[in-house]
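[1] Sequence first, then the predicted structure, then my questions.
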Amino acid sequence: MMRTLAIAVTLALGTASLAAQGVMVAPHAVFIDHRLRSGSVLLYNPGTEPVEVAISTIFGYPTTDSTGRIMLDTLRRDSTVSALGWIQAFPRRLTVGPRERQTVRLLARPPAGLPDGEYWLRLVIAAQAGRVPITGVADTTAIQVGLTLEVRTIIGVNYRKGPVSTGVTLSQVTAQIVGDSLITRSKLERRGNAAFIGMIRETLVDSTGAVHAQRVGDSVVTTFASPIGVYIAMQPRLASAIPQPGLPRGRYWLRYEVVAEREDLDPMVVLKAPAVRDSVRLVVP
Amino acid sequence: MRKALVLALCVGLAARAAAQAGSSVSADAVVVTVGMTISTLRDLNFGTVIKGVPSTILPTAVNAGEWQVSGSANAFVIISFTLPTQLTNIQALPGSTMPIAFSALAAIWRRSTNNPVGGTVFNPALGSVGRFGPPANPTMYVWIGGTVAPAVAAKPGIYQGNVIVSLVYQ
């Protein structure tokens, strides 16, 4: 616990030491139980200037495009799983002072006869600090150009009524080495009446069963892991790098696993589901 | 304790300690999971530009726009932008604008390291999926550049606009 607390303090106060202007949003996913019908999100301003925050809601969920890129689909406004019409956030506008925290409350008024299941929306927290003046404006004949950067944090809100269950099916797993990268695709389809929140894990082994490391950014890992949220269906494309000097010639297996585990979420809100696995062969000529 | 953090406790303590130095501190803890912070480190500042001469800021330039994002270690976030096509002269009559464009190489993200050189280049119009750093440094940086094209007849003054970055947690 002390370690996690230290991380939180570092996150909260470490950013404050910069000349940064922003707002912390916690948690990054909200789960509302039908029996309580309310939730909350904490906003904290670690900076030295007030931050104006606007709160709004949209309907959307992660999906993938034809290339496997994960994106937020916000087009299905009339979806039967949308909670957009009956979950409201208060207040809609607020100012968070320096080193202050404020709470945004979510209040649900579900329609009568709402079937059991899970309903979704996304909370948009838009923050803008004071406008930074452009220097050198004394010359009235000059043209000065500057753009202000705004930030929007978009988090999921999942409303659960009655018994909810989830699961995922895995198919069409492919893997290939492209240059120094390991590229995978798969097809994931949700089962049950709630989103599948979990992880994809990929492990590369050779014909002797020895595990080969993968590189993700600056980290070298034996198992590549990616959080995933399967709300309807998706075909994610994942990429990791093979550390130098690359893979020797030979045959390899990619073990592909999707599990209902998330280290960044309270296990109480992660619905249990059986893990699904597959393996595909890779040949390095 | 599981992975849930008493984050609000330390946040609240810090805030109240600053506001009530010398008095007793009462802290009401709310148990939450780790949060996500997006901070604007630097606006996208073209400075003074010359009429009729396009001006480009690369995402690796010192005056590129920059955000810092802190969150759960190794987690992925969807990065998307809302980009302006015109900037408005805030010192002139309405209608005085300047076009701005963002190339397919105008944005970069990088985990942990506050240096765009070596980061992942992407098209801001399409967005990307970024990733926080490992537990020792669960941060990610995002940079953006752009090109403005002041007309020969552009009116003097300050031209401004907004770039909005959205980060979607899965």
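    That came in fine, so what should we check first? All of these numbers come straight from a predicted model, not from anything done at the bench. Numbers count the residues shown, from 1 in each chain, chains lettered A, B, ... in the order given.

[2] For chain B, which segments count as strands?
    With strands called from DSSP state E, chain B shows them at B:36-42, B:44-49, B:55-57, B:65-70, B:76-82, B:86-89, B:97-101, B:107-111, B:120-122, B:128-131, B:139-144, B:146-148, B:157-169.

[3] Redo those as JSON lines? Include mean neighbour count.
    The way it works is simple: take the backbone N, C-alpha and C, and place the C-beta from them, glycine included. Below are the strands of chain B laid out as JSON lines (neighbours: other Cβ atoms under 10 Å in any protein chain shown):
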{"stretch": "strand B:36-42", "mean neighbour count": "24"}
{"stretch": "strand B:44-49", "mean neighbour count": "20"}
{"stretch": "strand B:55-57", "mean neighbour count": "18"}
{"stretch": "strand B:65-70", "mean neighbour count": "24"}
{"stretch": "strand B:76-82", "mean neighbour count": "21"}
{"stretch": "strand B:86-89", "mean neighbour count": "18"}
{"stretch": "strand B:97-101", "mean neighbour count": "18"}
{"stretch": "strand B:107-111", "mean neighbour count": "25"}
{"stretch": "strand B:120-122", "mean neighbour count": "17"}
{"stretch": "strand B:128-131", "mean neighbour count": "23"}
{"stretch": "strand B:139-144", "mean neighbour count": "25"}
{"stretch": "strand B:146-148", "mean neighbour count": "22"}
{"stretch": "strand B:157-169", "mean neighbour count": "21"}
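
[4] Save these as CSV, and put in distance to chain A too.
    Below are the strands of chain B laid out as CSV (distance: least, Cβ to the nearest Cβ, whole Å):
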stretch, distance to chain A
strand B:36-42, 3
strand B:44-49, 4
strand B:55-57, 7
strand B:65-70, 5
strand B:76-82, 6
strand B:86-89, 6
strand B:97-101, 7
strand B:107-111, 5
strand B:120-122, 9
strand B:128-131, 5
strand B:139-144, 8
strand B:146-148, 5
strand B:157-169, 4
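
[5] Adding distance to A:Val53 and mean pLDDT, write those out as JSON lines.
    As requested, those are exported to JSON lines (distance: least, Cβ to Cβ, whole Å; pLDDT from 0 to 100):
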{"stretch": "strand B:36-42", "distance to A:Val53": "12", "mean pLDDT": "86"}
{"stretch": "strand B:44-49", "distance to A:Val53": "22", "mean pLDDT": "89"}
{"stretch": "strand B:55-57", "distance to A:Val53": "28", "mean pLDDT": "94"}
{"stretch": "strand B:65-70", "distance to A:Val53": "16", "mean pLDDT": "90"}
{"stretch": "strand B:76-82", "distance to A:Val53": "17", "mean pLDDT": "89"}
{"stretch": "strand B:86-89", "distance to A:Val53": "24", "mean pLDDT": "92"}
{"stretch": "strand B:97-101", "distance to A:Val53": "26", "mean pLDDT": "93"}
{"stretch": "strand B:107-111", "distance to A:Val53": "24", "mean pLDDT": "94"}
{"stretch": "strand B:120-122", "distance to A:Val53": "27", "mean pLDDT": "93"}
{"stretch": "strand B:128-131", "distance to A:Val53": "22", "mean pLDDT": "87"}
{"stretch": "strand B:139-144", "distance to A:Val53": "20", "mean pLDDT": "94"}
{"stretch": "strand B:146-148", "distance to A:Val53": "26", "mean pLDDT": "94"}
{"stretch": "strand B:157-169", "distance to A:Val53": "14", "mean pLDDT": "89"}
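
[6] Output these in JSON lines; the columns should cover distance to A:Arg249.
    Formatted as JSON lines, the strands of chain B follow (distance: least, Cβ to Cβ, whole Å):
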{"stretch": "strand B:36-42", "distance to A:Arg249": "43"}
{"stretch": "strand B:44-49", "distance to A:Arg249": "48"}
{"stretch": "strand B:55-57", "distance to A:Arg249": "45"}
{"stretch": "strand B:65-70", "distance to A:Arg249": "40"}
{"stretch": "strand B:76-82", "distance to A:Arg249": "32"}
{"stretch": "strand B:86-89", "distance to A:Arg249": "55"}
{"stretch": "strand B:97-101", "distance to A:Arg249": "46"}
{"stretch": "strand B:107-111", "distance to A:Arg249": "32"}
{"stretch": "strand B:120-122", "distance to A:Arg249": "29"}
{"stretch": "strand B:128-131", "distance to A:Arg249": "30"}
{"stretch": "strand B:139-144", "distance to A:Arg249": "36"}
{"stretch": "strand B:146-148", "distance to A:Arg249": "45"}
{"stretch": "strand B:157-169", "distance to A:Arg249": "41"}
